[in-house]
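**Q** fold the following and give me the result.
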Amino acid sequence: EEEKEEEEDAKKAMEDARFRNLRFKVGDRVECCVAPEKWAPGKVVKIKYRGANWPKNRPTAPYQIELDTGGMIFAPFDDDRVIRTAASS
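**A** So this is what the prediction gives:
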């Protein structure tokens, strides 16, 4: 039982570290990679997103994004290959 608690504490510490230096905040305009070489504009609506039916062992996503087209997606990690600052228009 104590070993399980230590494991949970270690997981939580690792996850906290993942979110310490996030680049975006709620309301920021971003572009998300939705297919190879295809980017979709949207805005960050949630930090530390977890899907309702995600298994416990699935990592929390740094961001949930509402696309300008109306869909909701998440960025699995905070990296320019997945999510970037929106191009100025």
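**Q** return the residues in contact with the closest residue to residue 67 other than its chain neighbours.
**A** For residue 67, ignoring the flanking residues on the chain, the nearest one in space by Cβ to Cβ, 6 or more residues apart in numbering is residue 42 at 4.0 Å. Just so you know, the C-beta spots here come from the backbone N, C-alpha and C atoms, and that holds for glycine as well. Neighbour list for residue 42: 29, 30, 31, 32, 65, 66, 67, 68, 73 [criterion: Cβ atoms under 8 Å, 6 or more residues apart in numbering].
**Q** with distance to residue 86, neighbour count and secondary structure added, can I get the residues you listed in TSV?
**A** Conversion of the contacts of residue 42 to TSV gives the following (distance: Cβ to Cβ, whole Å; neighbours: other Cβ atoms under 10 Å; DSSP: H, G, I helix; E, B strand; the rest coil):
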residue	distance to residue 86	neighbour count	secondary structure
29	4	15	strand
30	5	21	strand
31	5	18	strand
32	10	20	strand
65	11	26	strand
66	13	14	strand
67	11	16	strand
68	10	13	coil
73	15	17	strand
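**Q** closest to residue 59 out of the residues you listed?
**A** Closest to residue 59 out of the contacts of residue 42 is residue 73 (15.9 Å), distances taken as Cβ to Cβ.
**Q** can you give me the pLDDT of that closest one?
**A** Turning to residue 73, the model gives it a pLDDT of 97.
**Q** could you check how far it is from residue 63?
**A** Taking Cβ to Cβ, to the nearest Å as the criterion, residue 73 is separated from residue 63 by 9 Å.
**Q** what's the burial count for residue 88?
**A** The tally of other residues near residue 88 (other Cβ atoms under 10 Å) stands at 5.
**Q** so what pairs up with the residue nearest to residue 67 in the strands?
**A** Note on residue 42: beta-bridge partners residue 30, residue 67, judged by DSSP bridges.
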